[in-house]
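Engineer: the sequence isn't on hand, but the structure is:
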């Protein structure tokens, strides 16, 4: 869903910068999680970053031009950060009550939350502030489970930018794609993952997944995962209502 957000952003004249978590991947984000993530080593993270670039090249245009897509790896700045610098320049701008109020923290307090995970939102905030300061990034986009992290970034930018505007930066959160069980549909959430990599999900299995979309969901998926215009989507909506047995919308979506 965020990839399609970047696709639309680029096609409407924006310059997308896809941020990969080479640094925060070594920490783990508690958002939407009931347990602590497995922390990744540098070699695994480097492999993942390269694989993500290959996937994004199918969707985003990385060729030279004013809207050229770029990738940024937060290990490039977080990896150089000393604890003293972090506490002095970033940590001092966040109060404990502010951090405790975040849903991602509240949901984990009774089950246990390490200081490592607790600090995650401040690191993601630093990511946004760094991209805002060094590359002029004014809008951060992410899934709804990232809203607390995104707003933490807005808070840090507001406190450190020296900008006279009340809100020099902005955030957008997308609805989450949920599995049939109602859980977050994510790469680390179990065996239901559908990968954008033919080595992990075959083209046949990928096509079948979308072909099997429930009639109740196919209209939403057409809006989220295709670039069809409104008239085309609404015509497929009508086909679902009048001729559901033909599965015309699912076939178009899968193709």
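Structural biologist: Great, that's in hand. This structure is a prediction, so every number in the text was calculated from the model and none was measured.

Engineer: residue 65 and residue 20, how far apart?
Structural biologist: 22 Å (CB to CB, to the nearest Å). Every residue, glycine included, has its C-beta placed from N, CA and C.

Engineer: quick one, which of those two is more surrounded?
Structural biologist: Using other CB atoms under 10 Å as the criterion, residue 65 and residue 20 rank with residue 20 on top: 20 against 10.

Engineer: which residues does the more buried one contact?
Structural biologist: 48, 49, 52, 71, 72, 73, 74 (CB atoms under 8 Å, 6 or more residues apart in numbering).

Engineer: pull the most distant pair out of these.
Structural biologist: Spanning the widest gap among those are 48 and 72, at 14.6 Å by CB to CB.

Engineer: TSV for the contacts of residue 20, including pLDDT, neighbour count and secondary structure?
Structural biologist: Below are those laid out as TSV (pLDDT from 0 to 100; neighbours: other CB atoms under 10 Å; DSSP: H, G, I helix; E, B strand; the rest coil):
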residue	pLDDT	neighbour count	secondary structure
48	83	15	helix
49	84	16	helix
52	89	18	helix
71	94	16	strand
72	94	18	strand
73	92	20	strand
74	93	21	coil
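
Engineer: got a markdown table for these, with distance to residue 81 too?
Structural biologist: Shown next, in a markdown table, are these (distance: CB to CB, whole Å):
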| residue | distance to residue 81 |
| --- | --- |
| 48 | 21 |
| 49 | 18 |
| 52 | 22 |
| 71 | 20 |
| 72 | 15 |
| 73 | 14 |
| 74 | 10 |
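
Engineer: now, which of these sits nearest residue 103?
Structural biologist: Closest approach to residue 103 among the contacts of residue 20 (CB to CB): residue 74, at 22.5 Å.
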